[in-house]
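K.L.:
here are the coordinates; sequence isn't available:
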DNA sequence: TGTACTGTGTACTATACAGTACACATGTTA
DNA sequence: TAACATGTGTACTGTATAGTACACAGTACA
């Protein structure tokens, strides 16, 4: 799924029941020109900046990390965490790379519940 | 520690015992102009691209992830891993953010040794 | 003492990024 | 049917990124 298609789909869905989700109004609320959002939704230009993507996520009630991923980006907040301890996190992420979702979820839960 | 200072320090150290580590020769081996590497080492310009930083890491036998971190970057390879499963990794990284090094290392080891 | 190598200052450049501004045709509604 | 709202095409812009090219002064050494 491409970023633009996904956004358009989500926005149009909301528009059905709420006219406040017209392209123009959403564009205005996230602070871009309508022509630009139009091009973004049609994949005519690259996805917007991280800040605009997060605004869009809030607006459409989507997970910002997922939208950023669709846009080929990783949240700068997460990048900052990694940059604080690059060896540790690099090792961890490479270790987890091949594991199935449920294994990673198990790690997340163990950390949340355990006495780390 | 700034990226440029660090690189210069490491390079000069090697240069003491091996004249192949002059600024010019290293620049040539990693494929940039000497004037540029000079500016990079003095922090006169921003750190180079990911590819050049990795070449530099290889050249100076440093950890690429550490050099990238000093340059304010995160390896695109790690970013790709995160982008494959954004929710999962975002959750995990935020969870680990506050934990001390030894706790994260424990996770890494458990994954490596265990039956995940 | 001249040749070769060292690091550096100045000027320039090509490409990507992240949009704006305005005009236009079509559609809706009061 | 006038006023307003909708999405989109075209043209343009400022800033950042990632460097190159060339000249120059100082140092080493043969």
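P.N.:
Yes, it's here. Here the structure is a predicted model, which is why all the values come from computation and not from measurement.
K.L.:
quick test: name the residue nearest the centre of chain A.
P.N.:
The centroid of chain A falls nearest to residue A:67 when counting by C-alpha atoms, centre = their mean (2.5 Å).
K.L.:
secondary structure element for that residue?
P.N.:
If you go by DSSP states H and E, residue A:67 is part of helix A:64-70.
K.L.:
can you give me how far that helix is from the chain middle?
P.N.:
Here helix A:64-70 is found 2 Å from its chain centre; the criterion is C-alpha atoms, centre = their mean, to the nearest Å.
K.L.:
same check on stretch A:98-116?
P.N.:
22 Å.
K.L.:
any residue of the lengthiest helix in chain A touching chain B?
P.N.:
Ranked by residue count under DSSP state H, the longest helix found in chain A is helix A:3-17. No: figure legend: helix A:3-17 not in contact with chain B (C-beta under 8 Å from any C-beta of the partner chain); closest approach 11.8 Å. In this view, the C-beta of every residue, glycine as well, is placed from N, C-alpha and C.
K.L.:
count of neighbours near the residue in chain A that DNA strand C sits nearest to?
P.N.:
Nearest residue of chain A to DNA strand C (C-beta to the nearest atom of the strand) works out as residue A:49 at 2.9 Å. Residue A:49: 12 surrounding residues under other C-beta atoms under 10 Å in any protein chain shown.
K.L.:
returning to that earlier point: give me the next element, helix or strand, following the helix holding residue A:67.
P.N.:
helix A:76-84.
K.L.:
what angle sits between the next helix or strand after that following helix and helix A:76-84?
P.N.:
Later in the chain than helix A:76-84, the nearest helix or strand by DSSP H and E is helix A:86-96. Orientation check (axes from the mean of the first three to the mean of the last three C-alpha atoms, to 10 degrees): helix A:86-96 against helix A:76-84 gives 110 degrees.
K.L.:
quick one, phi psi at residue A:44?
P.N.:
Reported as degrees, to the nearest 10, the phi and psi values for residue A:44 are phi -70, psi -30.
K.L.:
buried ones in the helix or strand harbouring residue A:59, by neighbour count?
P.N.:
In the assignment (DSSP H and E), residue A:59 maps to helix A:50-60. Within helix A:50-60, the residues that count as buried by 16 or more other C-beta atoms under 10 Å in any protein chain shown are A:50, A:52-57, A:59-60.
K.L.:
and what of stretch A:11-29?
P.N.:
Across stretch A:11-29, burial judged by 16+ other C-beta under 10 Å covers A:11, A:15, A:21, A:23, A:25-27.
K.L.:
leaving out chain neighbours, which residue sits closest to residue A:28?
P.N.:
Using C-beta to C-beta, 6 or more residues apart in numbering or on different chains and skipping residues adjacent in sequence, the residue nearest residue A:28 is residue A:34, 7.6 Å away.
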